[in-house]
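> After the sequence you'll find the predicted model.
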Amino acid sequence: MFRRVLAWFGVGDDADSDPDLDWADPDVEYGGDGPTRRYTCPECSATIEGTGPDEQVTCPACETAFKGVLVPDAAVCPDCGSRMDDISFYPETRRDTEHAACSTCDYRWESDPRR
């Protein structure tokens, strides 16, 4: 057990040999604010795009500000521009994106698992 703990920290003979300790997938983009989020304004039905935690979104058409916890209608794939419906948020905040996947081009984004 002690050898596994040392290997997890990158120390010892087994540091590069245990596949259970390899949590990072090289085909997945990690960290950042995640894909662009697309909202529909309930006042004027305009499409609003934004990134990052949804603490406040302001509609550029009617200047209505949406405060508090918001959930976007969809996310936009940064690779192909398609609508991403497979998007998950952290349940305790409902603001920060946990992961998002595009069914059109197989792009996948995940929050940084080291946090």
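Thanks, I have it. Numbering: from 1, shown residues only.
> so who does the nearest residue to Val28 once chain neighbours are set aside touch?
Computed as CB to CB, 6 or more residues apart in numbering, the closest residue to Val28 that is not its neighbour in sequence is Arg108, at 5.0 Å. The way it works is simple: take the backbone N, C-alpha and C, and place the C-beta from them, glycine included. The contact partners of Arg108, taken as CB atoms under 8 Å, 6 or more residues apart in numbering, are Asp27, Val28, Glu29, His99, Ala100, Ala101, Cys102.
> Apply 10 Å and report the result again.
25, 27-30, 77, 79, 84, 86, 99-102 (CB atoms under 10 Å, 6 or more residues apart in numbering).
> One more: Thr104?
Contact analysis of Thr104 by CB under 10 Å, 6+ apart lists Cys77, Asp79, Cys80, Gly81, Ser82, Arg83, Met84.
> From the contacts of Arg108, which land in strands?
The members of those that map onto strands under DSSP state E are Glu29, Tyr30, Met84, Asp86, His99, Ala100, Ala101.
> possible to save those residues as JSON lines with distance to Pro60?
JSON lines is the format used below for the ones in strands among the contacts of Arg108 (distance: CB to CB, whole Å):
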{"residue": "Glu29", "distance to Pro60": "27"}
{"residue": "Tyr30", "distance to Pro60": "30"}
{"residue": "Met84", "distance to Pro60": "22"}
{"residue": "Asp86", "distance to Pro60": "27"}
{"residue": "His99", "distance to Pro60": "28"}
{"residue": "Ala100", "distance to Pro60": "24"}
{"residue": "Ala101", "distance to Pro60": "28"}
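> Closest one to Thr64 out of these, please.
Compare each of the ones in strands among the contacts of Arg108 with Thr64 using CB to CB and the shortest gap goes to Met84, at 24.8 Å.
> pretty sure the closest one contacts Asp106?
No. Shown here, Met84 and Asp106 do not form a contact pair, counting by CB atoms under 10 Å, at 11.2 Å.
> ok, back up a step: and the buried ones among the contacts of Arg108, selectable in ChimeraX?
In ChimeraX, this line selects whichever of the contacts of Arg108 come out buried by 16 or more other CB atoms under 10 Å:
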select :77,84,100,101,102
